[in-house]
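S.K.: attaching a predicted model along with its sequence, questions to come.
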Amino acid sequence: MGAYLEEWEAIVPSDTTALSRLHPEVAFDIRPVGFRWVVRCTGSSESLDTLTASADRRLPLLWVERSTEPLVAFAHPPGPSEVAFLRRVGSTGGLVLPPLMVRDGITRVRVLVPSEPAKNGGRRPSATARLVARRRLTGRKLREEIERLAPGRHGLTPQQSRVLLEAVRAGYYEVPRRTTVGGVARRLSLGRSTAEEHLRAAESTIVSQAAPLIELSSDDYFEEVWPREHVTGFSSELELYVDLALRGDRVTNVRLLRSIPPAAAGRNHPLLRRVLTHLHTGREDLSGIPVELHVSPFERKVLEEVRRIPPGETRSYGEIARRIGSPGASRAVGNAVAHNPAPLVIPCHRVVPQRGGIGNYSATGGTRTKQRLLTLERAIETSENDPRRPSSPGRWLERDGGGTAPDRTNERRIDRSHRRVITRGEGPE
């Protein structure tokens with residue numbers, strides 16, 4: 001069994017393409033790292049000096065010292081044209097082999113396709129693309145190309161690869177886990193201790209090889225080379241300051257503060273005005289504000305689902321879990337919501353316990369702030385006697401503390417018929 005390696009050239013509008021036109025003597029290699037693209041630039045020292053002096057501020061430059069050649073790298077999220085181009089490649093049945101190579105405004109991409117040239121039909125990744133090379137790969141050469149796709153594959157024994165792959169397929173690394181080491185061992189007809197030994201060795205190899213990429217894509221590293229801008233405004237509705245941390249046009253963090261940060265005094269921004277407008281009217285749609293999240297895949301699914309809750313509505317932890325395809329994971333959903341890095345923009349205040357009440361809130365002000373947010377969005381009704389009354393039927397809950405995470409302590413249920421307070425612990429459901 002073999003495959004075909006095709007090389008295509010295309011004009012793909014992007015920041016990298018624009019830079020390459022300005023610096024035709026520099027070669028740009030693009031590789032995905034996390035949710036960004038890291039672009040490796042090579043050329044003469046003079047050409048790279050010119051590049052670093054003229055590069056856009058939105059493309060954070062990272063100097064990487066090499067003994068044999070100078071090297072510059074920068075990172076940025078892929079643009080719409082780049083994403084559309086890769087999706088088109090995928091729709092033709094091809095698999096992109098990194099890196100993408102850009103030079104003098106032309107993007108060259110290598111694509112691995114399983115079909116013969118005649119069956120491939122000459123389908124192009126884009127209207128501007130042209131096929132420049134095609135060759136058949138079999139045996140060792142095909143294996144080498146596939147192994148290059150996985151940086152952590154080198155150094156693993158066949159048995160370690162087998163156990164690790166089965167663990168991934170069985171859901172051992174999902175949140176919440178769908179199997180255990182013992183379950184993986186049974187599927188492979190191995191002893192538990194043997195499977196665990198292979199799995200730990202494989203994990204150690206991959207983690208050590210991925211560490212440089214993790215460091216490069218970490219938020220702390222980018223904070224050093226590309227500091228975030230803070231814009232702050234006062235919300236009279238919450239009686240708190242709203243502080244947005246921005247990297248480019250993306251929100252990376254939102255804080256509610258009792259006092260204004262000195263560095264952000266007097267600053268303004270269109271995204272901040274949208275947030276403050278919503279706090280004043282309760283009607284602004286904030287779901288289109290771009291965010292930059294550094295969270296796990298499970299947390300990302302939870303927060304993306306939370307963003308779909310419109311103003312004036314609420315969802316329970318269990319409902320969020322069901323919507324993302326993880327029924328029974330309401331407690332994990334609560335933990336993800338509690339660690340939401342961008343409250344207000346990602347409206348975690350709209351997630352409430354199914355048994356009634358509004359639950360906790362991790363931002364400044366706790367349940368008092370959450371109640372105000374739900375009230376101004378008309379998601380709950382209040383009166384002087386019943387400040388926490390939910391608009392939908394259900395038992396009234398009052399929790400001490402300030403987080404949306406499930407809390408099994410210090411929870412009081414008010415029995416409607418006898419008006420007595422019963423202390424009990426229960427989860428978000």
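M.R.: Nice, I can see it.

S.K.: centroid-nearest residue for this protein?
M.R.: Residue closest to the average C-alpha location in the chain (Cα atoms, centre = their mean): L293, at 4.6 Å.

S.K.: that residue falls within a helix, correct?
M.R.: No: assigned with DSSP: H, G, I helix; E, B strand; the rest coil, L293 falls outside any helix and is coil.

S.K.: which stretches of the stretch 151-300 of the chain have low pLDDT?
M.R.: By pLDDT under 70, the weakly predicted segments of the stretch 151-300 of the chain are 151-155, 209-227, 263-267.

S.K.: so where do the helices sit in it?
M.R.: 158-169, 181-188, 192-217, 219-225, 270-281, 297-307 (DSSP state H, counting those that start in this stretch).

S.K.: test my guess that the residue nearest to the centre of the chain contacts P341.
M.R.: Yes: using Cβ atoms under 8 Å, L293 is in contact with P341, at 6.6 Å. Glycine gets a C-beta too; all of them are placed from N, C-alpha and C.

S.K.: anything in contact with each of those two?
M.R.: Common neighbours of L293 and P341, counting by Cβ atoms under 8 Å, 6 or more residues apart in numbering, are T252.

S.K.: if I look at I358, how far off is E197?
M.R.: 48 Å (Cβ to Cβ, to the nearest Å).

S.K.: quick one: which of these two has more around it?
M.R.: I358 (27 against 15; other Cβ atoms under 10 Å).

S.K.: quick check, the more buried one in a strand?
M.R.: No: under the criterion used here (three-state DSSP), I358 is coil, not part of a strand.

S.K.: was I right about it contacting T367?
M.R.: Yes: contact criterion Cβ under 8 Å: I358 and T367 qualify, at 6.4 Å.

S.K.: so who does L246 touch?
M.R.: R228, E229, H230, V231, T252, H269, L271.

S.K.: what's the closest non-adjacent residue to the second one?
M.R.: Using Cβ to Cβ, 6 or more residues apart in numbering and skipping residues adjacent in sequence, the residue nearest E229 is L246, 4.8 Å away.

S.K.: what bridges to R31?
M.R.: V38 (DSSP bridges).

S.K.: list the contacts of it.
M.R.: With contact set as Cβ under 8 Å, 6+ apart, R31 has these partners: W37, V38, R40, P98, P99.

S.K.: quick one: the residues you listed as JSON lines, columns for neighbour count, distance to I260 and pLDDT too.
M.R.: Output for those, formatted as JSON lines (neighbours: other Cβ atoms under 10 Å; distance: Cβ to Cβ, whole Å; pLDDT from 0 to 100):
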{"residue": "W37", "neighbour count": "22", "distance to I260": "36", "pLDDT": "77"}
{"residue": "V38", "neighbour count": "19", "distance to I260": "36", "pLDDT": "79"}
{"residue": "R40", "neighbour count": "17", "distance to I260": "41", "pLDDT": "83"}
{"residue": "P98", "neighbour count": "15", "distance to I260": "45", "pLDDT": "79"}
{"residue": "P99", "neighbour count": "18", "distance to I260": "45", "pLDDT": "83"}
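
S.K.: nearest to A3, of those?
M.R.: P98 (16.5 Å; Cβ to Cβ).

S.K.: in the strand or helix carrying that closest one, what counts as buried?
M.R.: Using DSSP states H and E, P98 maps to strand 95-103. By neighbour count with 16 or more other Cβ atoms under 10 Å, strand 95-103 contains the buried residues V96, L97, P99, L100, M101, V102, R103.

S.K.: name the nearest residue to the third one, ignoring sequence neighbours.
M.R.: The reference is to P99. D29 (3.9 Å).

S.K.: over to the one you found. Which of the three states is it?
M.R.: strand.

S.K.: please report the distance of it from L156.
M.R.: Distance of D29 to L156, computed by Cβ to Cβ: 25 Å.

S.K.: which residues of the stretch 301-429 of the chain fall in helices?
M.R.: Using DSSP H, counting those that start in this stretch, the helices found in the stretch 301-429 of the chain span residues 317-323, 330-338, 366-376.

S.K.: deepest of these, which one?
M.R.: Highest mean neighbour count among the helices of the stretch 301-429 of the chain (mean count of other Cβ atoms under 10 Å): helix 330-338, with a mean of 24.

S.K.: quick one, that helix and helix 297-307 angle?
M.R.: Orientation of helix 330-338 against helix 297-307 (axes from the mean of the first three to the mean of the last three Cα atoms, to 10 degrees) gives an angle of 70 degrees.

S.K.: my read is that I346 contacts R307, right?
M.R.: Yes: contact criterion Cβ under 8 Å: I346 and R307 qualify, at 5.5 Å.

S.K.: and T128, how far from R186?
M.R.: Per Cβ to Cβ, T128 is found 52 Å from R186.

S.K.: reformat the contacts of R31 as CSV; add distance to Y241.
M.R.: Output for the contacts of R31, formatted as CSV (distance: Cβ to Cβ, whole Å):
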residue, distance to Y241
W37, 35
V38, 35
R40, 41
P98, 43
P99, 44
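
S.K.: can I assume the residue nearest to P99 is in contact with R103?
M.R.: No: at 9.6 Å, D29 and R103 do not qualify as touching, with contact defined as Cβ under 8 Å.

S.K.: neighbours of A133, how many?
M.R.: If we define neighbours as other Cβ under 10 Å, then A133 has 11 of them.

S.K.: identify, out of the helices of the stretch 151-300 of the chain, the most deeply packed stretch.
M.R.: Note that of the helices of the stretch 151-300 of the chain, helix 297-307 is the most buried (mean count of other Cβ under 10 Å), with a mean of 19.

S.K.: chain center to the strand holding P98: distance?
M.R.: Mean-position distance between strand 95-103 and its chain equals 23 Å (Cα atoms, centre = their mean, to the nearest Å).
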